[in-house]
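K.L.:
From the sequence below, what's the structure:
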Amino acid sequence: MESLNIFIKSIFIDNMVFAFFFGMCSYIAVSKSVKTAMGLGVAVTFVMAVTVPLNWLLNEYVLKAGALSWLSESFHDVDLSFLSFIVFIAVIASFVQLVEMVVEKFTPALYNSLGIFLPLIAVNCAIMGGSLFMQEREYANIGQATAFGLGSGLGWWLAIIMMAAIRERLAYSNVPAPLRGPGITFIITGLMGIAFMAFLGIQL
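P.N.:
Residues are numbered from 1 along each chain as shown. Next up is the predicted model:
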């Protein structure tokens, strides 16, 4: 039940875009079309769903203070938490490379439309933020970490799909010249963030 609560909360209440404004660079750049937004959203969701629980395992059994005590009692005082950033980024970059190769192999059109933003998933702060939030919140088991990773990815995917759908409609709207492009996108994102605050009333 706790995992389900974490999953729902990470999508609607702690949404990476609307609550923390993480991953805004690719969110703004790729949300011009629903098709490309869908592809990037699926890629981000997959990477987060895999890397967050994997980084949880590394944090629990390798990095945090006393994590290596399963090897020997002599390792009880070893604390490798200062390596968290490096290890987390290495894991994320590895899976991003895997996703990039799969997308290039099976959907070259999507690969070309995403351009530089596909490999840049490796430095997407939403994905890194997911692992760091997981570490900070000290989830009790890998199930909770997986629920958080998957929910955070789906929340980011939901945000970029909604924005892409709105921006496709805006192409036929009379937007003032100074606000066209990123300007109106930031305004709409702020309004959507306010709208998502309504989910704060959900009792989990």
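K.L.:
Low-confidence regions, this protein specifically.
P.N.:
202-204 (pLDDT under 70).
K.L.:
Do you have the helices of it handy? List them.
P.N.:
2-8, 24-30, 34-58, 84-106, 108-114, 125-137, 142-170, 182-196 (DSSP state H).
K.L.:
So for the first one, what gets flagged as buried?
P.N.:
To tie it back to what came earlier, the one meant is helix 2-8. Judged by neighbour count using 16 or more other Cβ atoms under 10 Å, the buried positions of helix 2-8 are S3, I6, F7, I8. Where you see a C-beta, it was placed from the backbone N, CA and C, and this is true even at glycine.
K.L.:
Nearest to F95 among those residues?
P.N.:
F7 (20.3 Å; Cβ to Cβ).
K.L.:
close enough to count as contact, K32 and A164?
P.N.:
Yes: between K32 and A164 there is a contact at 6.8 Å, judged by Cβ atoms under 8 Å.
K.L.:
The two: which is more packed in?
P.N.:
Using other Cβ atoms under 10 Å as the criterion, K32 and A164 rank with A164 on top: 22 against 18.
K.L.:
what sits against that one?
P.N.:
Going by Cβ atoms under 8 Å, 6 or more residues apart in numbering, A164 touches V30, S31, K32, S33, V34, T36, A37, M38.
K.L.:
Now that we have the residues you listed, which of them are buried?
P.N.:
In the contacts of A164, burial by neighbour count holds for V30, S31, K32, V34, T36, A37, M38, counting by 16+ other Cβ under 10 Å.
K.L.:
between these, which is nearest Y111?
P.N.:
For the buried ones among the contacts of A164, the nearest to Y111 is T36 (10.5 Å; Cβ to Cβ).
K.L.:
Do I have it right that that closest one meets L110?
P.N.:
Yes: T36 is in contact with L110 according to Cβ under 8 Å; the separation is 7.0 Å.
K.L.:
tally of neighbours for the closest residue in space to V47 that isn't next to it in sequence?
P.N.:
Spatially, and ignoring its direct neighbours in sequence, V47 is nearest to F95 (5.2 Å; Cβ to Cβ, 6 or more residues apart in numbering). For F95, the count of nearby residues is 20 (other Cβ under 10 Å).
K.L.:
any idea how far F95 lies from A19?
P.N.:
F95 is 24 Å from A19, where distance means Cβ to Cβ, to the nearest Å.
K.L.:
Pretty sure I160 sits against V17.
P.N.:
Yes: counting by Cβ under 8 Å, I160 does reach V17; the two are 7.5 Å apart.
K.L.:
Mind listing the shared neighbours of the two?
P.N.:
Shared contacts of I160 and V17 (Cβ under 8 Å, 6+ apart): Y27.
K.L.:
coming back round to it: identify the farthest-apart pair in the contacts of A164.
P.N.:
K32 and M38 (12.4 Å).
K.L.:
any idea how far L80 is from the most far-flung residue of the chain relative to its centre?
P.N.:
Centroid-distance maximum for the chain: S74 at 37.1 Å, with Cα atoms, centre = their mean. Using Cβ to Cβ, S74 is found at 15 Å from L80.
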